[in-house]
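Engineer: Take a look and give me a structure for this.
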Amino acid sequence: MPGSGALATNGGKNKEEQFSEMWRGKRITAGVFRLRQGYGGQAGSSNLRDVSIEKEQTAGVSGSGAKRPTATRKKENLDKSMNVTVAIVGRPNVGKSTLFNRLVGKKIALVDDTPGVTRDRREAEGRIAELRFRLLDTAGFEDVTDNSLEARMRAQTEAAISEADIILFMVDARAGIVPLDERFGQLLRKANKRVHLIANKAESSAADVGISETYSLGFGEPIALSAEHGLGISELYSIIGRAIDEATEEKEHEQQGNETATGMNTAGVSGSGAERPTATSIKEATEEKANNVPLPKISTDVSEEVENADESEEILHFNPNRFLNVAIVGRPNAGKSTLVNRLVGEERVLTGPEAGITRDSILVPWEWEGRVINLVDTAGIRRRAKVQKKLEKLAVSDALRSIQYAEIVVLMLDATKPFEKQDLHLADLVEREGRALVIALNKWDLIKDKNATLAHLKERCERLLPQLRGVPLVTLSGLKGKNIPKLMQAIFEIERSWNIRIATSRLNRWLNAMVEAHPPPAVSGRRLKLRYMTQAKSRPPSFILFCSRPEVLPMAYKRYLINGLRESFDIWGSPVRLWVRGGDNPYADKAKKR
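Structural biologist: Below is the predicted model of the structure:
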């Protein structure tokens, strides 16, 4: 007999219990049935994939020794997901960047009501539930083919279309279909890619007419979606999930075909007289396979030099083979985007004679001599008084966040107008943020008397930036690609200084020598006692000095110690932090008792 609010029963058991008994010993359990019933469909009609819902459970779990999902299997699923590339395309101001931020889970793309905010194509990892995929945000499509900025933006969009496996063609459901949407639809049909129509801004009934108009584009039924409010994301889950399954099946078929061909070749060569593998050969093969497994990346790298190092040598507490985050900053039209394109060997970001083309901070992974370098191209930063428009304020804020993200900052200067006030402000900002700095003098091919100019600029750099004494100064030409190896060498050298660690015993021997050469001045007739020094951390190198009265230690003496650290331990160009602390007075409590 039916109970209140219960499912239909049969023999005293409801459907959920019957379902569990039916699939006992299988991977699908009643938990999957409950979730699918919540979607109002049959057990096998749900669009959701079992990989994110099911529980690893078998009959008699307590005694059968069934294995639970391991981290390796989860990583394999993520690797399969990242094989799919999804591009969001459409005309300007339809909400592409808003959907991009929604799928990424962070507000990394600039969003504004002004059309044409996005100019470069941006890449990030998209996420929907357990799905992971490569996501591309593109500029608004303009039907222009000349040498203008809009035509260059269109070329970036076409490059994203050629890379994508799935194209999300976004239209504005409230505005309806316009002629630019129809022309863009014709271009997408020629691309021979899987195109899914997205009707954005469909959170209200005002979009019903526009949704009905989208059928005229010929891409089938549109997906009604609101990127701002997160409506309709489940439909994208189904689309991207099917694409990932198809890509995984194709990859597995290719692997099976290769294994079959390899097995046939081996059988033909070995013949009937092939030897059976022995226990020794199996053991050797297993050990060789184990040795070929890549080790995980770690934050410290203990090499033979570190193991055999004595107290007189610096110790590096970082992995010189891990990826390196490098941000390229500077004033507008200094050649930052041109340098990025020259480094990666393609027109990855927009360039041109116009100042202020770049708006978003674009991350471009790149490999140099076997090491991954994450280049970040940023917008030009003008003086604060000149930044008035909202879009420029957003772009400058994004560029300043890139400095905090980076480990090494390359400050691009125009060699024809070097070391202006804004350049000095940016260098000081990098030092205050604690990042390593490399100064790059771009457009060096326009300088006639190179030797005299370089000597003059080095003198100005030492005089104007005393807080970054010894900062690397590299001359280059981003347009012609000159002195790129010197720039990378300077980046790796400053990274080594930025990550340096010094033994405490050596620091204190150095401190005693510095005090003997120049003792601290007496304040109010009482001399200062410098007890000892230790390094608190690296990145940047930070030291703690313990003395008797830290509040009265002169700033000039602190600079004397910082300059001594630079000269004695070769910490040139990197910010150095020195904190002064005082010890506890053991007789303070006794004096109070008296």
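Engineer: C-alpha only now, for contacts and for neighbours.
Structural biologist: Noted.
Engineer: so what pLDDT did the residue lying closest to Ala124 once chain neighbours are set aside get?
Structural biologist: Leaving out its chain neighbours, the residue that sits closest to Ala124 by C-alpha to C-alpha, 6 or more residues apart in numbering is Leu135, at 5.4 Å. Leu135 is assigned a predicted lDDT (pLDDT) of 93.
Engineer: residues in contact with the residue nearest to Lys96 when sequence neighbours are not counted?
Structural biologist: Distances taken as C-alpha to C-alpha, 6+ apart put Ile88 closest to Lys96, at 6.1 Å, once the chain neighbours are dropped. By C-alpha atoms under 8 Å, 6 or more residues apart in numbering, Ile88 lies in contact with Lys96, Phe100, Leu135, Leu136, Asp137, Thr138, Ile167, Leu168, Phe169, Met170.
Engineer: Okay, and the beta partners of Ile88?
Structural biologist: Asp137, Leu168 (DSSP bridges).
Engineer: Begin at 53, not 1, for the rest of this chat.
Structural biologist: Will do, 53 is the new start, and the previous item becomes Ile140.
Engineer: so what's it scoring on pLDDT?
Structural biologist: 94.
Engineer: What of the one 3 residues further on?
Structural biologist: We have a pLDDT of 91 for Arg143.
Engineer: Lys510 sits in which helix or strand?
Structural biologist: helix 502-516 (DSSP states H and E).
Engineer: going on from that helix, what's the next piece of helix or strand?
Structural biologist: With DSSP H and E, the next secondary element past helix 502-516 is strand 525-527.
Engineer: Following the chain past the helix or strand containing the residue nearest to Ala176, name the next helix or strand.
Structural biologist: Assigned by DSSP H and E, Leu187 belongs to strand 183-189. Using DSSP H and E, the next helix or strand after strand 183-189 towards the C-terminus is helix 201-215.
Engineer: by contact count, what packs against that next one?
Structural biologist: The contact analysis (3 or more C-alpha pairs under 8 Å, 6 or more residues apart in numbering; DSSP states H and E) places helix 201-215 against strand 137-142.
Engineer: Can you check what angle separates the helix or strand following the strand it packs on from strand 137-142?
Structural biologist: As assigned by DSSP H and E, the chain's next helix or strand after strand 137-142 is helix 148-156. Per axes from the mean of the first three to the mean of the last three C-alpha atoms, to 10 degrees, the angle that helix 148-156 makes with strand 137-142 is 150 degrees.
Engineer: Please write out the alpha-carbon positions of the helix or strand just after helix 148-156 in CSV.
Structural biologist: Following helix 148-156 in sequence order, the next helix or strand is strand 174-180 (DSSP H and E). Only the C-alpha atoms of strand 174-180 are listed here, as CSV (Å, rounded to 0.1, in the frame of the first residue of the first chain):
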residue,chain,number,x,y,z
ARG,A,174,42.2,35.1,-24.2
GLU,A,175,42.8,31.5,-23.1
ALA,A,176,41.9,29.9,-19.7
GLU,A,177,40.7,26.6,-18.2
GLY,A,178,36.9,26.4,-18.3
ARG,A,179,35.0,24.4,-15.7
ILE,A,180,31.5,22.9,-15.5
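Engineer: Show me which residues of strand 174-180 are buried.
Structural biologist: Arg174, Glu175, Ala176, Glu177, Gly178, Arg179, Ile180 (16 or more other C-alpha atoms under 10 Å).
Engineer: Would you mind checking the average pLDDT for the host helix or strand of Ser290?
Structural biologist: Assigned by DSSP H and E, Ser290 falls within helix 285-322. Per-residue pLDDT over helix 285-322 has a mean of 73.
Engineer: And stretch 533-540, by the same measure?
Structural biologist: pLDDT averaged over stretch 533-540 gives 92.
Engineer: Would you mind pulling the contact partners of it?
Structural biologist: Leu391, Arg394, Leu395, Ala492, Val526, Thr527, Leu528, Ser529.
Engineer: contacting residues for Leu188?
Structural biologist: With C-alpha under 8 Å, 6+ apart, Leu188 has these contacts: Thr137, Val138, Ala139, Ile140, Phe152, Arg173, Arg174, Glu175, Ala176, Ala212.
Engineer: how about these, which pair is most distant?
Structural biologist: Phe152 and Ala212 (14.0 Å; C-alpha to C-alpha).
Engineer: Which residue, neighbours along the chain excluded, lies closest to Lys510?
Structural biologist: Leaving aside its chain neighbours, Lys510 sits nearest to Leu525 (7.4 Å; criterion: C-alpha to C-alpha, 6+ apart).
Engineer: one step back: could you tell me the angle between the strand holding Leu187 and helix 148-156?
Structural biologist: 160 degrees.
Engineer: could you check the angle helix 201-215 makes with strand 183-189?
Structural biologist: 160 degrees.
Engineer: Show me how far strand 183-189 is from its chain's centre.
Structural biologist: 13 Å (C-alpha atoms, centre = their mean, to the nearest Å).
Engineer: now stretch 515-535
Structural biologist: 26 Å.
Engineer: Over to stretch 379-386?
Structural biologist: 20 Å.
Engineer: quick one: secondary structure of Ile229?
Structural biologist: Following DSSP: H, G, I helix; E, B strand; the rest coil, we place Ile229 in the coil state.
Engineer: Quick one: work out the angle between the strand holding Leu187 and strand 174-180.
Structural biologist: Relative orientation of strand 183-189 versus strand 174-180 (the same axes, to 10 degrees): 150 degrees.
Engineer: Format the CA atom coordinates belonging to strand 183-189 as PDB.
Structural biologist: The C-alpha coordinates for strand 183-189 follow below in PDB (Å, rounded to 0.1, in the frame of the first residue of the first chain):
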ATOM      1  CA  LEU A 183      34.500  18.900 -16.800                       C
ATOM      2  CA  ARG A 184      37.700  20.700 -17.700                       C
ATOM      3  CA  PHE A 185      38.300  22.200 -21.100                       C
ATOM      4  CA  ARG A 186      40.300  24.800 -22.800                       C
ATOM      5  CA  LEU A 187      38.300  28.000 -23.200                       C
ATOM      6  CA  LEU A 188      38.900  30.900 -25.700                       C
ATOM      7  CA  ASP A 189      37.400  34.300 -25.400                       C
END
